[in-house]
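Chemist: Structure for the following, please:
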Amino acid sequence: MYEKNQPPPLVDYNLFTCDPVLENALEAEGAGWARPTAEEFGRVLGTEETIRLGFEANENPPILGPEDQVDFHASWHELMRLSAENRLHNLPWHDARPGAHVARATLMFLASQNEAGHTCPISMTHSSVPALRKEPKVAAEWEPRIISKVYDRQFRPAPEKKGVLIGMSMTERQGGSDVRANTTKAEPLGNGEYRITGEKWFCSAPMNDAFLILAQAPGGLTCFLLPRWTPDGKRNAFHIQRLKPKLGNRSNASAEIEFDHAWAQRIGEEGRGVPAIMEMVQHTRLDCTIGSAALMRQAVLQAMYHVERRKAFGKLLIDHPLMRNVLADLSLESQAATLLMMRIARSFDAKASDEAEQAFARFATPVGKYWICKRCPAVVVEAMECLGGNSYIDDCVMPRLHREAPVNSIWEGCGNVICLDILRAMKKDPEIPQSFLEEARLAHSADRRFDSFLRSLESDLPKTEEYTARITAERLALALQASLMIRHASTAAADAFCATRLGGAGGHIFGTLPGSIDASSLLEIGGRACV
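Modeler: Predicted coordinates:
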């Protein structure tokens, strides 16, 4: 037994091969070809050395240096290099074969378990490409740089670099999520070029090479690409006022910035800034969903590892029935989150050629983003209790997961904004939810509780108003998760999910599975021994 009954830290394991739910979903959603890459990436991320990089990057947060540069710890740069070399920032644009978005979602899920902060610039770079393609001339210049697998940390003009990163900055202090209240001004120079003057309250990853922003042009709110350097090789008028002291996400820099007649290029038409940048937001919302599902998975895995190795009251913690209930319930939530995010990722692969998948992606992305990001903090906190006081000490990874857990629910639209987006989609085109419901109906007749839940949801959906939008979003997410669990999870897991999430058999907190549910099979697939 371990010295003084204290399990050592979880290191030297494979994040991918110890996750049978993810393994199966990779195949089921059409990206089995990516298994060798995922397996090797999972191995590297699980090494003691790479795990240490995550700790060091958070223990040594970025510092604002001279000339509007941001200095990062060496561990941050190593994590960025690792993710860039595995193409987390460009895989579907580099290799457009079927399943590319699913493959990337898998890699992003693994990387986010190790260290989530550095995935912010990775996510924004990947997500920028659909927006840039609104302006083919700009895309032709920048996309080849984005496609590179080289992480080039140098602060120099993009044409002189071997690879670039793209950021996004939309919100201003007076408006926040209400971007139409933005006051930043864009003065046209001709030929799609503008001078931008104003401030942005939040700019994540300000060290990136260029940023998609919103500003008020003569024709209304418009999207622009604003680089750190002008075409003539001079530093652009992009000034960092300060770096934000954040609750979590500490390895990553977020800043308040100012533009003083900064040079930029228009993306899309004047007055169509929100639709243009939403091409990027849709992808970053998927990444928020992936990130939260990853935090849940890592929290449950850490809890499982601990309780399988620590004794209390005469036996291993995992052998206590109440602890088994808690872990089985947490595992159930994590399984459902993983299946949901992987199914949404598949719709990003298919939507270009399939109108039904396009509608599904439009609707399921905010639904998944809302629900999984809301569930994440509760899962992490409950998992911390499984470790007890050790989970509250920064020697352990759990405090970092705890600080990270709320961020995805706040970024890319807080809960109310996301629910209003769901409601707006339903009101604008009643057909948009139908692809979502058709996907859920694939499990019809497999479980009476699911059938009853889905009938009730379909009946109530047209009656949804703003006041009840959160209730609707929750029910939509549960319906799709239940359908996916019925079709892809074990019979025991699907039965437990429907009983507790749809049938009212469980309580309002984790660890309240009814006595009729056997935790053993849930624990076996949800927390396979990793070392």
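Chemist: what residues are up against the residue lying closest to Val307 once chain neighbours are set aside?
Modeler: Spatially, and ignoring its direct neighbours in sequence, Val307 is nearest to Leu317 (3.8 Å; CB to CB, 6 or more residues apart in numbering). C-beta: built from backbone N, CA, C; applies to glycine. Counting by CB atoms under 8 Å, 6 or more residues apart in numbering, Leu317 touches His306, Val307, Glu308, Arg310, Lys311, Met323, Cys386.
Chemist: just Ala352 next, same as before
Modeler: Ala352 sits next to Gln358 when contact means CB under 8 Å, 6+ apart.
Chemist: Tell me where the protein has strands.
Modeler: For the chain, applying DSSP state E gives strands covering 63-64, 70-71, 166-169, 185-190, 193-204, 210-217, 220-227, 238-243, 254-267, 311-312, 315-316.
Chemist: Low-confidence stretches in this structure?
Modeler: 1, 526-531 (pLDDT under 70).
Chemist: Any idea how far the lengthiest helix in it is from the middle of the chain?
Modeler: As assigned by DSSP state H, the longest helix anywhere in the chain is helix 273-307. Using CA atoms, centre = their mean, to the nearest Å, the distance from the centre of helix 273-307 to the centre of the chain it belongs to is 2 Å.
Chemist: same check, this time on stretch 437-445
Modeler: On the basis of CA atoms, centre = their mean, stretch 437-445 is displaced by 26 Å from the centre of the chain it belongs to.
Chemist: Please apply the same query to stretch 413-433.
Modeler: Here the centre of stretch 413-433 is set off from its chain's centre by 19 Å, with CA atoms, centre = their mean.
Chemist: Any figure for the gap between His283 and Trp33?
Modeler: Per CB to CB, to the nearest Å, His283 is found 22 Å from Trp33.
Chemist: So between these two, which is more surrounded?
Modeler: His283 (22 against 15; other CB atoms under 10 Å).
Chemist: residue contacts, the nearest residue to the more buried one once chain neighbours are set aside?
Modeler: What sits nearest to His283 in space, not counting adjacent residues and going by CB to CB, 6+ apart, is Ser127, at 3.5 Å. Neighbouring residues of Ser127 by CB under 8 Å, 6+ apart: Met168, Met280, Val281, Gln282, His283, Thr284, Asp287.
Chemist: that older thread, would you mark the buried spots in the longest helix of the chain?
Modeler: Across helix 273-307, burial judged by 16 or more other CB atoms under 10 Å covers 273-274, 276-277, 279-307.
Chemist: Likewise for stretch 484-497?
Modeler: Leu484, Met485, Ile486, His488, Ala489, Ser490, Ala492, Ala493, Ala494, Asp495, Ala496, Phe497.
Chemist: again, but for stretch 390-404
Modeler: Buried, per 16+ other CB under 10 Å, within stretch 390-404: Ser391, Cys396, Val397, Met398, Pro399, Arg400, Leu401, His402, Arg403, Glu404.
Chemist: Can you show me the CA trace of it as PDB?
Modeler: The C-alpha trace of stretch 390-404 is given here as PDB (Å, rounded to 0.1, in the frame of the first residue of the first chain):
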ATOM      1  CA  ASN A 390      -6.000  17.200  -0.800                       C
ATOM      2  CA  SER A 391      -8.100  18.500  -3.600                       C
ATOM      3  CA  TYR A 392      -8.000  22.000  -2.200                       C
ATOM      4  CA  ILE A 393      -4.200  22.200  -2.300                       C
ATOM      5  CA  ASP A 394      -2.400  23.500  -5.400                       C
ATOM      6  CA  ASP A 395       0.000  20.600  -5.400                       C
ATOM      7  CA  CYS A 396      -3.000  18.700  -6.800                       C
ATOM      8  CA  VAL A 397      -4.500  19.400 -10.300                       C
ATOM      9  CA  MET A 398      -8.100  19.700  -8.900                       C
ATOM     10  CA  PRO A 399      -7.900  23.400  -7.800                       C
ATOM     11  CA  ARG A 400      -6.900  24.300 -11.300                       C
ATOM     12  CA  LEU A 401      -9.800  22.400 -12.700                       C
ATOM     13  CA  HIS A 402     -12.000  24.100 -10.200                       C
ATOM     14  CA  ARG A 403     -10.800  27.600 -11.300                       C
ATOM     15  CA  GLU A 404     -11.100  26.600 -14.900                       C
END
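Chemist: quick one: it to chain centroid distance?
Modeler: Between the centre of stretch 390-404 and the centre of its chain there are 20 Å (CA atoms, centre = their mean).
Chemist: Residues touching that stretch, excluding its own?
Modeler: 6, 9, 51, 54-55, 58, 116-117, 247-250, 295, 298-299, 302, 306, 377, 380-381, 383-385, 387.
Chemist: Filter those residues down to the buried ones, ChimeraX style.
Modeler: Buried residues within the contacts of stretch 390-404, by 16+ other CB under 10 Å, are selected in ChimeraX with:
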select :51,54,55,58,116,117,248,249,250,295,298,299,302,306,377,380,381,383,384,387
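Chemist: quick revisit: what's the distance between the residue nearest to Val307 and Glu431?
Modeler: 50 Å.
Chemist: same question, Thr50
Modeler: Relative to Glu431, and taking CB to CB, Thr50 is found at 46 Å.
Chemist: More neighbours: those two, which one.
Modeler: Thr50 (20 against 11).
Chemist: Might one say that the more buried one is in contact with Val44?
Modeler: Yes: assessed by CB atoms under 8 Å, Thr50 is found in contact with Val44 at 5.8 Å.
Chemist: Contacts only, for the residue lying closest to Ala492 once chain neighbours are set aside.
Modeler: Distance criterion CB to CB, 6+ apart; nearest residue to Ala492, sequence neighbours excluded, is Ser521 at 4.2 Å. With contacts taken as CB under 8 Å, 6+ apart, Ser521 has the following neighbours: Ser490, Ala492, Ala493.
Chemist: One more: Pro430?
Modeler: Residues in contact with Pro430, defined by CB under 8 Å, 6+ apart, are Pro462.
Chemist: Ramachandran coordinates for it?
Modeler: When quoted as degrees, to the nearest 10, the phi and psi of Pro430 stand at phi -60, psi -20.
Chemist: and the gap between it and Ala359?
Modeler: Pro430 is 11 Å from Ala359, by CB to CB.
Chemist: And for Asp209?
Modeler: Applying CB to CB, the value for Asp209 to Ala359 is 34 Å.
Chemist: Give me the more crowded residue out of these two.
Modeler: Between Asp209 and Ala359, counted using other CB under 10 Å, Asp209 has the larger neighbour count: 24 against 21.
Chemist: Looks like the more buried one contacts Asn236 (just checking).
Modeler: No: between Asp209 and Asn236 there is no contact under CB under 8 Å: 10.5 Å.
Chemist: Which neighbours do the two have in common?
Modeler: In terms of CB under 8 Å, 6+ apart, Asp209 and Asn236 are both contacted by the residues Pro227, Arg228, Trp229.
Chemist: Throw these into CSV and include distance to Ala28, thanks.
Modeler: Converted to CSV, the shared contacts of Asp209 and Asn236 look like this (distance: CB to CB, whole Å):
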residue, distance to Ala28
Pro227, 41
Arg228, 42
Trp229, 45
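Chemist: What sits closest to Glu160 if chain neighbours are left out?
Modeler: The nearest residue in space to Glu160 (CB to CB, 6+ apart) is Gln154, at 7.9 Å.
Chemist: again, but for Gln358
Modeler: Excluding the flanking residues, the one nearest Gln358 by CB to CB, 6+ apart is Lys351, at 3.9 Å.
Chemist: Just give me the neighbour total for that neighbour.
Modeler: Neighbours of Lys351 using other CB under 10 Å come to 18.
Chemist: Now for it: which residues touch it?
Modeler: Contacts of Lys351 (CB under 8 Å, 6+ apart): Glu357, Gln358, Phe360, Ala361.
Chemist: got it, and Glu115?
Modeler: Leu53, Gly54, Ala57, Asn58, Leu79, Ser251.
Chemist: and the gap between it and Ala489?
Modeler: 28 Å.
Chemist: same deal with Val129?
Modeler: 33 Å.
Chemist: Same question for Pro157.
Modeler: Where Ala489 is concerned, Pro157 sits at a distance of 50 Å (CB to CB).
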